[in-house]
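**Student:** sequence and predicted structure below; questions after.
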Amino acid sequence: MKVSGWFLIVTVLFVAALIASNIIAVKLIVVADRVLPAAIIVFPLSYIIGDVLTEVYGYRQARRVIWLGFLANLFVVVAIWLGGLLPAAGFWDGQDAYERILGLAPRIMAASFLAYLLGEFANAYILAKIKIAMAGRLLWVRTIASTIVGQGIDSGMFITLAFVGTIPAPVLIELIITQWLVKTAYEAAATPLTYVTVGFLKRREEIDTYDTDTRFNPLAISD
């Protein structure tokens, strides 16, 4: 498929949302007496944009963008890590702050990457399959259904892998459920914006992809 300017814009927004969320996730905020990472304001956008990609351009293109996001995020993490290794200037007193804010523990990084891949691919797969089953009707059903599963996998896997054994089990479960519900509610609230964006792109691109002959293997990026 020929890559259009609109596709590039959507791709850049997806990657930017992913990288920004991983950087600001270090800050904890309080929303309605619940402690959440600051990334909660940005990360759900990657799922919304992922829905747009799959709905308009299909699973094949969404799969490529998901892997692109993974590689871009890996590049940023490695760059930050290398920056931390470089000797600081004698007059600069920000090394400790740099390491505290930007330095990711290997366990956290591995949990984040794995949860991202599984969650995003589950989201794209379910949306594409429901679209075929429902003949393209009721976009809101597939965007919300795919988010419930994708965000559930992401939240459950990340928090479990990152924090199991370090915080009490009841707190762990509460964190998973809270993040899952907040992210899903975010997606539901953004449904009107999703409709507008999908409709606009389908008209401008003159495309509405159905993955009837798609191989859904997430590793088959050349398909």
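**Tutor:** Received it, and whenever you're ready, just let me know what you need.

**Student:** sheet-wise, list the partners of the least confident helix or strand in the chain by mean pLDDT with their directions.
**Tutor:** Per-element confidence for the chain was summarised using mean pLDDT, DSSP states H and E. The lowest value among helices and strands belongs to strand 34-37, with a mean of 77. According to DSSP bridges, strand 34-37 forms sheet pairs with strand 28-31 (antiparallel).

**Student:** name the nearest residue to the residue nearest the centre of the chain, sequence neighbours excluded.
**Tutor:** Ranked by distance to the mean C-alpha position of the chain (Cα atoms, centre = their mean), the top residue is residue 46 at 4.2 Å. The shortest distance from residue 46 to any residue other than its chain neighbours is 4.5 Å, reached at residue 17 (Cβ to Cβ, 6 or more residues apart in numbering). Placement of C-beta: from N, CA and C, glycine included.

**Student:** related to what we said a few turns ago, could you list every helix and strand in contact with the following helix or strand past the least confident helix or strand of the chain?
**Tutor:** From strand 34-37 onward toward the C-terminus, using DSSP states H and E, the following helix or strand is helix 43-57. Secondary-structure packing of helix 43-57 (3 or more Cβ pairs under 8 Å, 6 or more residues apart in numbering; DSSP states H and E): helix 5-24, helix 59-85, helix 106-133, helix 139-163, helix 169-189, helix 191-205.

**Student:** looking at those, spot the one closest to residue 97.
**Tutor:** Distance to residue 97, taken as Cβ to Cβ, is lowest for helix 59-85 among those, at 11.1 Å.

**Student:** buried residues of the next helix or strand after the closest one, list them for me.
**Tutor:** Sequence-wise, the next helix or strand beyond helix 59-85 is helix 95-102, with elements assigned using DSSP H and E. Within helix 95-102, the residues scored as buried using 16 or more other Cβ atoms under 10 Å are residue 102.

**Student:** how many residues are close by residue 33?
**Tutor:** Using other Cβ atoms under 10 Å, the number of residues around residue 33 comes to 5.

**Student:** same question for residue 90.
**Tutor:** Neighbours around residue 90, by other Cβ under 10 Å: 6.

**Student:** kindly report the same for residue 63.
**Tutor:** If you count neighbours by other Cβ under 10 Å, residue 63 ends up with 26.

**Student:** thinking it is in contact with residue 124, fair?
**Tutor:** Yes. Between residue 63 and residue 124 there is a contact at 6.8 Å, judged by Cβ atoms under 8 Å.

**Student:** where does this protein have low pLDDT?
**Tutor:** Residue ranges of the chain with pLDDT under 70: 1-2, 104-106, 221-223.

**Student:** residue contacts, the nearest residue to residue 55 once chain neighbours are set aside?
**Tutor:** Computed as Cβ to Cβ, 6+ apart, the closest residue to residue 55 that is not its neighbour in sequence is residue 198, at 5.2 Å. Applying Cβ atoms under 8 Å, 6 or more residues apart in numbering, one finds that residue 198 lies in contact with 52, 55, 56, 139.
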